[in-house]
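In: below: sequence and its predicted model.
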Amino acid sequence: MTDVSSEFDHAAAIANCARGEHDALHQLYVHESARLLGVVIRIVKDRGMAEDIVHDACLNIWQRADSFDPDKGSARAWIFSIARHLALNAIRYRDREITFDSSAPTELDHDEQFQHASVVDEAFAWQTGQRMDSCLEALEPERRNCVLHAYVDGLSHAEIAAHTGAPLGTVKAWIKRSLLRLRECMA
Amino acid sequence: MTRPNDHEHEDDHALAGEYVLGTLSLEQRKALEARLPNEPELQKAVMAWEERFLPYTGIADPVTPSDYLWPRIERSLASREALAKRARPTTAVPPRPRRMLHSLPLWRGAAGFGLAAALVMGVMLTNEITEPAISTTPEYMVVLLAPQTQSAGWVVQASSRQEIELIPLGTFEVPEGKALEFWTKADEWQAPVSLGLVEPGQPIRLRLDQLPPLEDNQLFELTLEDETGSATGLPTGPIEFIGRAVEI
């Protein structure tokens, strides 16, 4: 399994975008567009909308390239955060427009992925060839799954509650405590 | 040694984590994004979480984009650059429209999408990124947003109440056999009036001689219609871009 971060110099590509080289954006696109689209589709669950968001993300990357500061974070995290937050804002906006089914989440089918705590871990190991880091691994499986499903699938608290069958307040507390524990573990 | 605001820092760090996870509501996301430019500690917290979770983007299966996506991005880049060039000779015009744009709630909504990510990296966004270059001082301004993604697709500027210019900010894939039709409707009008078909990525200047003068809050939209335009004289297809006029 290849390490995706070492084979391509994202920071150099962004620097070249900042100099106005279209080819640098194309290189970045060739290298990351499938992964970006995969990440965005998992969040928005709509292929057409996801391609729109990757389009917008590429334009954002191009236009903001000159303000990317490698001292503040990695180029790859920057690129993916742009696409993810475009996607998250789009679905949260969409959710807000759909107000009529606010009581519906309990009717959702329980996601079998939540029933089997190991599935996400296996998916991660399988997709990336990496082991989950020890801080995340130390979380209780059910809570770890909430965190990862929120991150990967863009699920809101209410959606996680619907999927797990746990009360909304419990889900909120799980995620908050999980983040505090991750933070302590990272420190 | 605990300082009085340690709890606040802890809360902010967890809030930043929830922002990156994506569990916050739109309002909470907007509130956090609004704080980011002025709060370096919060930026650092968001960034730490971005780095922390990045490997888990690998859980999502890669999906190869359609063959049309890169050409579309290239066309959007080209049209933005053309727009920037077109405006350059008149940069002596005072930056009045720029300030106006900042005060447009619609525009702010659109620009806020995804901007936070850049701010997190300590980025100060340059103005030309989020604002179209404008060659004359308009009296009215409309930003047309795609309803689904809330991304700005077109700008209408009117230098008088009888003449408007529709300027593309990107391009748009029109399906085979379809066309974009441009419509407007003032608050008191019974129904929208067609302003004709428009070419994606092409600016167009229109005189509104047959219509009442442009007014504040007047609606503009682009809908997807059959390639000869709506047969009924009213919009029938999906709204692709929509916005309201703001007097400057």
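Out: Noted; the coordinates are in hand.
In: when you work out contacts or count neighbours from here on, use the C-alpha atoms and nothing else.
Out: Noted.
In: let's check: the centremost residue of chain B is which one?
Out: In chain B, the C-alpha nearest the mean C-alpha coordinate belongs to residue B:152, at 2.3 Å (Cα atoms, centre = their mean).
In: chain center to the longest helix along chain B, what's the gap?
Out: The residue-count maximum for a helix in chain B (DSSP state H) belongs to helix B:69-87. In terms of Cα atoms, centre = their mean, to the nearest Å, the gap separating the centre of helix B:69-87 from the centre of its chain is 15 Å.
In: and if you look at stretch B:204-218?
Out: Distance of stretch B:204-218 from its chain centroid, counting by Cα atoms, centre = their mean, is 22 Å.
In: re earlier: elements contacting the longest helix of chain B?
Out: In this structure, helix B:69-87 packs against helix A:47-64, with contacts taken as 3 or more Cα pairs under 8 Å, 6 or more residues apart in numbering or on different chains; DSSP states H and E.
In: buried ones in the next helix or strand after the helix it packs on?
Out: For helix A:47-64, the succeeding helix or strand toward the C-terminus, using DSSP states H and E, is helix A:75-97. By 16 or more other Cα atoms under 10 Å in any protein chain shown, the buried positions in helix A:75-97 come out as A:75-94.
In: look at residue B:49 and report its pLDDT.
Out: Residue B:49 is assigned a predicted lDDT (pLDDT) of 94.
In: low-confidence regions, the chain specifically.
Out: All of this refers to chain A. When the per-residue scores of chain A are filtered using pLDDT under 70, the ranges that remain are A:1-6, A:97-132, A:187.
In: wrong one, I was asking about chain B
Out: Counting by pLDDT under 70, chain B shows low-confidence ranges at B:1-10, B:83-138.
In: could you pull out the strands for it?
Out: Here chain B has its strands, by DSSP state E, at B:140-145, B:152-160, B:163-168, B:178-185, B:193-198, B:204-207, B:219-226, B:239-244, B:246-247.
In: can you redo the ones you listed as CSV with distance to chain A?
Out: Below are the strands of chain B laid out as CSV (distance: least, Cα to the nearest Cα, whole Å):
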stretch, distance to chain A
strand B:140-145, 12
strand B:152-160, 10
strand B:163-168, 14
strand B:178-185, 17
strand B:193-198, 20
strand B:204-207, 23
strand B:219-226, 15
strand B:239-244, 12
strand B:246-247, 23
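In: and those: which comes nearest residue B:69?
Out: Taking Cα to Cα as the measure, the strands of chain B were each checked against residue B:69, and strand B:152-160 came out nearest at 16.1 Å.
In: what strands line up against that closest one, and which way round?
Out: When pairs are called by DSSP bridges, strand B:152-160 turns out to pair with strand B:140-145 (antiparallel), strand B:163-168 (antiparallel).
In: and the contacts of the last one?
Out: Contact with strand B:163-168 is made by B:79, B:153-158, B:200-208, as judged by Cα atoms under 8 Å, 6 or more residues apart in numbering or on different chains.
In: can you flag the buried ones in the residues you listed?
Out: With neighbours counted using 16+ other Cα under 10 Å, the contacts of strand B:163-168 contain these buried positions: B:79, B:153-158, B:200-201, B:203.
In: returning to that earlier point: ok, which pair from the contacts of strand B:163-168 is furthest apart?
Out: Farthest apart among these by Cα to Cα are B:79 and B:208. That separation is 25.5 Å.
In: now, which of the buried residues of helix A:75-97 lie close to chain B?
Out: The overlap between those and the neighbourhood of chain B (criterion: Cα under 8 Å from any Cα of the partner chain) consists of A:77-78, A:80-83, A:85-86, A:88-90, A:92-94.
In: could you dump these into a markdown table with distance to residue A:63 added?
Out: Shown next, in a markdown table, are these (distance: Cα to Cα, whole Å):
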| residue | distance to residue A:63 |
| --- | --- |
| A:77 | 17 |
| A:78 | 13 |
| A:80 | 15 |
| A:81 | 15 |
| A:82 | 12 |
| A:83 | 14 |
| A:85 | 16 |
| A:86 | 15 |
| A:88 | 20 |
| A:89 | 19 |
| A:90 | 20 |
| A:92 | 24 |
| A:93 | 24 |
| A:94 | 26 |
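In: coming back round to it: so what's the residue nearest to the centre of chain B closest to, chain neighbours aside?
Out: For residue B:152, the nearest residue in space outside its immediate sequence neighbours is residue B:145; the separation is 4.3 Å by Cα to Cα, 6 or more residues apart in numbering or on different chains.
In: next one: that neighbour from residue A:63, what distance?
Out: 19 Å (Cα to Cα, to the nearest Å).
In: between those two, which is the more surrounded one?
Out: For the pair residue B:145 and residue A:63, the greater number of neighbours falls to residue B:145 (25 against 20), based on other Cα atoms under 10 Å in any protein chain shown.
In: surely that one and residue B:239 touch.
Out: No: the pair formed by residue B:145 and residue B:239 falls short of the contact definition of Cα atoms under 8 Å, at 9.8 Å.
In: quick revisit: please identify the most buried of the strands paired with strand B:152-160.
Out: strand B:140-145 (a mean of 27; mean count of other Cα atoms under 10 Å in any protein chain shown).
In: does residue B:244 touch residue B:140 like I think?
Out: No: checked against Cα under 8 Å, the pair residue B:244 and residue B:140 is beyond contact range at 9.7 Å.
In: identify the contacts common to those two.
Out: Jointly contacting residue B:244 and residue B:140 under the rule Cα under 8 Å, 6+ apart are residue B:216.
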